[in-house]
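A.B. asks: coordinates for the following, if possible.
(2 chains)
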Amino acid sequence: MTDTPGSRPRRVRHRGRTRLVPIPLLVPALVGLAFLSLPLIALLVRAPWRSLPEQLTSAEVWEALRLSLLCATAATAVSLVVGVPLAWLLARTRFPGRGFVRALVTLPLVLPPVVGGVALLLAFGRGGVVGQWLDSWFGITLPFTTTGVVLAETFVAMPFLVISVEGTLRAADPRYEEAATTLGASRFTAFRRVTLPLIAPGIAAGAVLAWARALGEFGATITFAGNFPGRTQTMPLAVYLALQNDPAAAIALSLVLLAVSIAVLAALRDRWMTAS
Amino acid sequence: MPRSAHRTRRILQIAGASAAALLTLSACSSATGSDKGSSSAKPSGTVTVFAAASLEESFKTLGKQFEKEHPGTKVTFNFGGSDTLAASITGGAPADVFAAASTKTMAIVTDKQDAAGRPATFVRNQLEIATPPGNPDRISSLKDLTKPGLKVVLCDRTVPCGAAARKALDAGGLKLTPVSYEQDVKSALTKVELKEADAALVYRTDVRAAGDKVEGVDFPESAEALNDYPIALLENAPNPQAAKAFVALVRSAEGQKVLSRAGFLKP
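C.D. replies: Numbering: from 1, shown residues only, chains lettered A, B, ... in the order given. This is a model prediction of the structure:
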């Protein structure tokens, strides 16, 4: 490999060991890399570049994209409001059944989203356990509404935020909070003035992660909120239904989601991509 | 030199192992229904049938009948939206038979020369209004669906039941804004079964299959939106022998009896 004339064998071996990746690792790694990147490359290769401007300027696409961004942001906001306190509870307090609660909170991470949609329907649907009271007392029905989309997205996205914030809380030194309380601050003030700024990066990362997950949500949304352009049809739903009779449109829509996802990863670059 | 030869061999070995790992993954998807080489006259092995979601109940009955008539065979089904099925067939899914809920979706397959021979229409289906049991909103005509405040779900226009619904509404000169365009006929029906929707436009056969969980309301405009169901043997069928026999059963008098009991009309 580095057979420069005059170099001693030992040096060659030394260089080889430090510079070259062992073949048994390199080849499978490249196969894995190809497997993960080829579908994305295919998406770019097969994209209808010529008709793309036309595809992307249709009112339906913008409606779906606008709704997607709006709902994902709303779902992230809801997740922040209830998810951060939930994470604090899991990280900083002790109570019986905490392990069970943590498992429950993270369940939507592994639950098939469609199952989440069915569960939401049985809970918050018009005939659901909670939903029937919402309907008869307040006249509120959630399925087939934009609120329903936000609910479905929050259900699948909030665990990402909770996990991220809880991890950061565990890594943060609780002595700062204790110091604050001994200096006379209430526990809530200590949380607000000391803990929150301390774990802000973790919250931000969790929020971006939850936002990205909400943006891509499909199964729970189509099951719980249905599909109506401008009201519940988000980008993933539009992609799925476009694929049925207009694959070019589906590819164009997929490109938009791909671009948004890459933008999210780029925003998180400092946190994950350069972690060493 | 020997060292580099050794290295080359190692690379090949590892590349082979990695490729094998990926092949194992992809083999999972084609493991079913590949019983090539069954050249005997008697049908045997697995028949893979891709069929429209609305055919589920009657085809399952026919599948059992087929297995009983031809011992040693097994019928596996993939039920779903006709467009999705057509897309996976043109994408290379290993299927023997395709039964679609519309000629338009069958055309996706025949246009790509993926069907062996011409598809044959074996049944027709008619739309019906599905309401919760007892018809609480007293829906008696297609026009009643346009009443304000009524939550109606339709199939998306990309799937056959949605196209038929649009045709029926056009025939009645009606404009209807549903609360949702569902991705297939079964999910439209489910929304009524769960009482999330007050009514849905679905096939007669689906209303019948749902038993007493929903109630059906006939309407005259449905005659303008009859769906033809074509069935075809596929070009790359892994098991053409048994596939042919299955298509024959579906088209036989015996098969037609099962289908008409489910609510399908004769072609």
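A.B. asks: ok, residue 208 - contacts?
C.D. replies: In the absence of a named chain, this looks at chain A. With contacts defined as Cβ atoms under 8 Å, 6 or more residues apart in numbering or on different chains, A:Val208 is in contact with A:Val264, A:Ala267, A:Leu268. C-betas here are computed from N, CA, C, even on glycine.
A.B. asks: to clarify, I was referring to chain B.
C.D. replies: Per Cβ under 8 Å, 6+ apart, neighbours of B:Arg208: B:Gly216, B:Ala262, B:Gly263.
A.B. asks: ok, of these, which one's closest to A:Trp88?
C.D. replies: Closest to A:Trp88 out of the contacts of B:Arg208 is B:Gly216 (53.5 Å), distances taken as Cβ to Cβ.
A.B. asks: flag the shaky bits of the chain, pLDDT-wise.
C.D. replies: With no chain named, the answer covers chain A. A:1-19, A:269-276 (pLDDT under 70).
A.B. asks: that's the other chain; I wanted chain B
C.D. replies: Across chain B (using pLDDT under 70), the flagged ranges come out as B:1-41.
A.B. asks: look through it and tell me its longest strand.
C.D. replies: If you go by DSSP state E, chain B has its longest strand at strand B:115-125.
A.B. asks: chain A contacts on the stretch 151-267 of chain B?
C.D. replies: Neighbours of chain A within the stretch 151-267 of chain B, by Cβ under 8 Å from any Cβ of the partner chain: B:151, B:153, B:156, B:158-159, B:178-183, B:187, B:191, B:194-197.
A.B. asks: just the buried ones among these, please.
C.D. replies: B:151, B:153, B:156, B:158-159, B:178-183, B:187, B:191, B:194-197 (16 or more other Cβ atoms under 10 Å in any protein chain shown).
A.B. asks: checking the residue in the stretch 151-276 of chain A positioned nearest to chain B next. Helix, strand or coil?
C.D. replies: Of all residues in the stretch 151-276 of chain A, A:Gly226 sits closest to chain B, at 2.9 Å by Cβ to the nearest Cβ. Classification of A:Gly226 using DSSP: H, G, I helix; E, B strand; the rest coil returns coil.
A.B. asks: now do the phi/psi pair for the residue lying closest to it once chain neighbours are set aside.
C.D. replies: If the residues on either side of it in the chain are set aside, A:Gly226 comes closest to B:Ser180, at 2.9 Å by Cβ to Cβ, 6 or more residues apart in numbering or on different chains. In terms of degrees, to the nearest 10, the main-chain angles of B:Ser180 are phi -160, psi 150.
A.B. asks: for A:Leu151, see how far away B:Ser180 is.
C.D. replies: 15 Å (Cβ to Cβ, to the nearest Å).
A.B. asks: please apply the same query to B:Asn125.
C.D. replies: 35 Å.
A.B. asks: likewise B:Val202?
C.D. replies: 26 Å.
A.B. asks: which of those two has more neighbours?
C.D. replies: More crowded of B:Val202 and A:Leu151, by other Cβ atoms under 10 Å in any protein chain shown: B:Val202, with 31 against 23.
A.B. asks: angle of the helix or strand hosting the more buried one against strand B:115-125?
C.D. replies: Take DSSP states H and E as the rule and B:Val202 turns out to sit in strand B:199-203. Calculated by axes from the mean of the first three to the mean of the last three Cα atoms, to 10 degrees, strand B:199-203 forms an angle of 130 degrees with strand B:115-125.
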